[in-house]
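[1] Give me a model of this one.
(chains A, B, C and D)
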There are 2 protein chains.
Amino acid sequence: MAKRRRVGNLLALAILSQLSAGPPMHPYEIATVLKRTGKDTDMNIKWGSLYTVVGNLEKYGLIQATTSGRAGRRPERTVYKITEAGRAELRDWMRELLAVPDPEFPRFQAALSEMSVVPPDEVTALLEQRLAALDDDIAAQRAALRQLTQLPRVFLVEAEFAVAMRQAEADWTRALLAEMAAGTLSGLDGWRAYHETGELPPELAEMLAEGGLPTE
Amino acid sequence: MAKRRRVGNLLALAILSQLSAGPPMHPYEIATVLKRTGKDTDMNIKWGSLYTVVGNLEKYGLIQATTSGRAGRRPERTVYKITEAGRAELRDWMRELLAVPDPEFPRFQAALSEMSVVPPDEVTALLEQRLAALDDDIAAQRAALRQLTQLPRVFLVEAEFAVAMRQAEADWTRALLAEMAAGTLSGLDGWRAYHETGELPPELAEMLAEGGLPTE
DNA sequence: GAACGTATATTCGTCTGCGAGTAATCGCGA
DNA sequence: TCGCGATTACTCGCAGACGAATATACGTTC
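    Predicted coordinates:
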């Protein structure tokens, strides 16, 4: 379903989008604009990939070098504009990204799935740290959003989304901690015993041997 | 803060964890166990990386080849066990993953931040598709979880987390759609006008020129 | 006008991720 | 017992990501 993109790096999406909405630019200028408009906080951009990605976009005909001039005494710069193929790719890519939920694998989820290698009381302490950091983070993001109330919210949805997801993560973590504290999380005793004795209680070992959550 | 890992691929975490809790194994066997216990649904494992990652783990002394024997008529297999350094790395890595919230950049967030290149009514349609897919997904995951109620929940937290995050995403999307339908999302008119006339309303253009959400 | 820090603009080399391919063995059916 | 598809187990080569380095111009201060 999700077709393989010729250029899959999301930096390419930002570049196409910028060149689609604005005038032709040279790579460094694009980078500057993306930084100024804060796009780099939404997509983990590695600027080291800039010229590789631009090169690939050109290779596949999604952008095109126009003039290669110099301004002032500066070294030569290649200015790119988007092509028709590029616009088509941008449209198609955006449709896919918006309409098709992608399986995400947050690193925290991986950590949770290996959680039992750490003793439960230590996990509690670590999760409390995480929770504090999350709360700080959320407060900071909320404060930043409040600074921007003069901007139309259409341009803030991605930031609002980020906060909402953080908040959901914090809420879930808090609930987990509560269950661990209250002892309502089944299997906790076996987990603790395993770390105290080095041995897994036999009925647990058996269950795990057959294992398997065949989700999705 | 988050130190660079010698072996950063999360597949390495799963391997270390498996070798830490169980007996020495050869790579393919590890892969089989990880699949059976469903770890591969928690961390986007690419099996093509298996031998590369195992090789790297060995290179840095986190695991160690023990016997290199053959069973039956099968070709030779190298069996690995975890080293002390490997255990230390596993512990340290787990602590970091649990305690430090990592900045995640879901692709959907990137899409939202470029949303305005697509006309608003189309975005609405696309988001409705996404929402339907999300709801199906959630229902399927919930059903899968219900099949596993005999398992201690300690081994299901990662799946519960995944559902919770999906649910949060769905809720947020639903709320956004409602705001777009009700017209309470500021900037929507300018967005629509832009796609109808090809021109950005001047007051919007101005705002964007100075741009910048300097979040985090 | 010398010196120094900063912004501009790009190149390079390494490393690793990963898909596709390979080859041997197993097991099942006819 | 002869295929033949599935499973087991692993190899390889390439593309591309990215960190670090480079180089030049510009502005500012003394």
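
[2] Let me see the contact set for A:Ile45.
    A:Leu10, A:Leu11, A:Ala14, A:Leu34, A:Lys39 (Cβ atoms under 8 Å, 6 or more residues apart in numbering or on different chains). The C-beta positions use only the backbone N, C-alpha and C, and glycine is treated the same way.

[3] Can you tell me the number of residues neighbouring the last one?
    This means A:Lys39. Residues contacting A:Lys39 under the criterion other Cβ atoms under 10 Å in any protein chain shown number 25.

[4] For it, give me its contacts.
    With contact taken as Cβ under 8 Å, 6+ apart, A:Lys39 is in contact with A:Ala14, A:Ile45, B:Ser113, B:Glu114.

[5] cool, the first one as well?
    The neighbours of A:Leu10, taking Cβ under 8 Å, 6+ apart as the test, are A:Met43, A:Asn44, A:Ile45, B:Phe105, B:Arg107, B:Ala110.

[6] Would you mind checking those for buried ones?
    A:Met43, A:Ile45, B:Phe105, B:Arg107, B:Ala110 (16 or more other Cβ atoms under 10 Å in any protein chain shown).

[7] Reformat these as CSV; add distance to DNA strand C, secondary structure and pLDDT.
    Converted to CSV, the buried ones among the contacts of A:Leu10 look like this (distance: Cβ to the nearest atom of the strand, whole Å; DSSP: H, G, I helix; E, B strand; the rest coil; pLDDT from 0 to 100):
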residue, distance to DNA strand C, secondary structure, pLDDT
A:Met43, 17, coil, 92
A:Ile45, 13, coil, 93
B:Phe105, 15, coil, 92
B:Arg107, 14, helix, 95
B:Ala110, 17, helix, 96
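
[8] Looking at those, which two lie furthest apart in space?
    Farthest-apart pair in the buried ones among the contacts of A:Leu10 is A:Ile45 and B:Arg107; separation 13.1 Å (Cβ to Cβ).

[9] Looks like A:Ala133 contacts B:Leu98 (just checking).
    No - taking contacts as Cβ atoms under 8 Å, A:Ala133 lies outside contact range of B:Leu98: 11.2 Å.

[10] Between the two, tell me which one has more neighbours.
    More neighbours surround B:Leu98 than the other of A:Ala133 and B:Leu98, with 23 against 14 (other Cβ under 10 Å).

[11] can the helix or strand harbouring that one be found next to chain A?
    Counting by DSSP states H and E, the element that carries B:Leu98 is helix B:84-99. Yes - Helix B:84-99 is in contact with chain A by Cβ under 8 Å from any Cβ of the partner chain, via B:Leu90, B:Arg91, B:Met94, B:Arg95, B:Leu97, B:Leu98, B:Ala99.

[12] Got a quick PyMOL command for the buried subset of these?
    Of these, the buried ones can be selected in PyMOL as follows, counting by 16+ other Cβ under 10 Å:
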select buried, chain B and resi 90+94+95+97+98+99
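
[13] could the residues of helix B:84-99 next to chain A go into a markdown table alongside pLDDT?
    Putting the residues of helix B:84-99 next to chain A into a markdown table (pLDDT from 0 to 100) gives the following:
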| residue | pLDDT |
| --- | --- |
| B:Leu90 | 96 |
| B:Arg91 | 95 |
| B:Met94 | 96 |
| B:Arg95 | 96 |
| B:Leu97 | 96 |
| B:Leu98 | 97 |
| B:Ala99 | 97 |
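
[14] Count the neighbours of whichever residue of chain A sits closest to DNA strand D for me.
    Closest to DNA strand D within chain A is A:Gly48: 2.3 Å, counting by Cβ to the nearest atom of the strand. The number of residues packed near A:Gly48 is 7, by other Cβ under 10 Å.

[15] Wait, a strand at it?
    No - using DSSP: H, G, I helix; E, B strand; the rest coil, the assignment for A:Gly48 is helix, not a strand.

[16] re earlier: out of the contacts of A:Lys39, name the ones that lie in helices.
    Among these, the ones falling in helices (DSSP state H) are A:Ala14, B:Ser113, B:Glu114.

[17] Now the last one: closest residue in space, sequence neighbours ignored.
    Using Cβ to Cβ, 6 or more residues apart in numbering or on different chains and skipping the chain neighbours, the partner closest in space to B:Glu114 is A:Ser17 (4.6 Å).

[18] Could you check stretch A:120-130 and say which residues are buried?
    Result for stretch A:120-130 [16+ other Cβ under 10 Å]: buried residues A:Pro120, A:Val123, A:Thr124, A:Leu126, A:Leu127, A:Arg130.

[19] In contact with the residue nearest to A:Leu62 when sequence neighbours are not counted, which residues are there?
    Distance criterion Cβ to Cβ, 6+ apart; nearest residue to A:Leu62, sequence neighbours excluded, is A:Gly86 at 3.7 Å. Neighbouring residues of A:Gly86 by Cβ under 8 Å, 6+ apart: A:Leu16, A:Leu19, A:Ser20, A:Leu57, A:Gly61, A:Leu62, A:Ile63.

[20] So how do I select the buried members of these in ChimeraX?
    Applying 16+ other Cβ under 10 Å to these, the buried members can be selected in ChimeraX as follows:
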select /A:16,19,20,57,62,63
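
[21] Just confirm A:Gln64 is within a strand.
    Yes - A:Gln64 sits within a strand when classified using three-state DSSP.
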